[in-house]
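Engineer: Please work out how this folds:
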Amino acid sequence: MLTRKATDHRIDANTAGVVAPVVLYSIFLASQHEYYRDRTHLTEHESLAGLSLDISSLIAFGVCYVLAIINRKNTPLHMRYMIGTALIIMGPGIMRIIAVYDVFGDISFPTVVQYTQLICAGIGLGLVVHDLTQSKPYKPYLVAVGLTVGIYLIYLNRMSAWWLAVAGAIASVF
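Structural biologist: The predicted model follows:
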């Protein structure tokens, strides 16, 4: 039975080797679409600021995924980094649930983003605490929480000169 599970995981890993780049590319394409859509009715700076969540999530997902691949021979770290990718990629889904179903009532989009990042970071911190109490490796979860906080900080600074410069460079690739 153990051999079958290992074989199944190898098949899953090979599939993930294709799926993860496709996810990254689809986030990139969605960002590109959003940018050009926004350009029809927003200023250049507002359109670039709108890329803050997409691009920062793309980078954060990529970082966790690469760290998981680097640690593929170290199962505990590999597993935790893959869970980190899930923490990052579930943010947009949580945002849509909060916004569409009015989970917290009628709130503004910045508040939806804040609640989403708090939920994702809270889950990550819960995993850190769990692993600390079980004497298991917790640093991958700290990385994921740090990336989640980074996504939110970039969102908060989406109209800053440094972010507009970064987003402008990325938009020039579009």
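
Engineer: Centre-most residue in this structure?
Structural biologist: Centre of the chain computed as the mean C-alpha position; nearest residue by C-alpha atoms, centre = their mean is residue 88, 3.0 Å away.

Engineer: Dihedrals phi and psi, residue 90?
Structural biologist: With angles defined as degrees, to the nearest 10, residue 90 sits at phi -80, psi -10.

Engineer: What is the burial count for it?
Structural biologist: Using other C-beta atoms under 10 Å, residue 90 is surrounded by 15 other residues. All C-beta atoms are positioned from the backbone trio N, CA, C, and that covers glycine.

Engineer: what do you get for residue 98?
Structural biologist: 19.

Engineer: got it, and the one 4 residues further on?
Structural biologist: Using other C-beta under 10 Å, residue 102 has 10 other residues around it.

Engineer: again with the one 3 residues further on
Structural biologist: Residues near residue 105, counting by other C-beta under 10 Å, number 6.

Engineer: Quote the end-to-end distance of stretch 151-168.
Structural biologist: For stretch 151-168, the separation between the terminal residues is 17 Å (C-alpha to C-alpha, to the nearest Å).

Engineer: where in the chain is pLDDT low?
Structural biologist: Filtered on pLDDT under 70, the chain yields the residue ranges 1-10, 12-13, 16.
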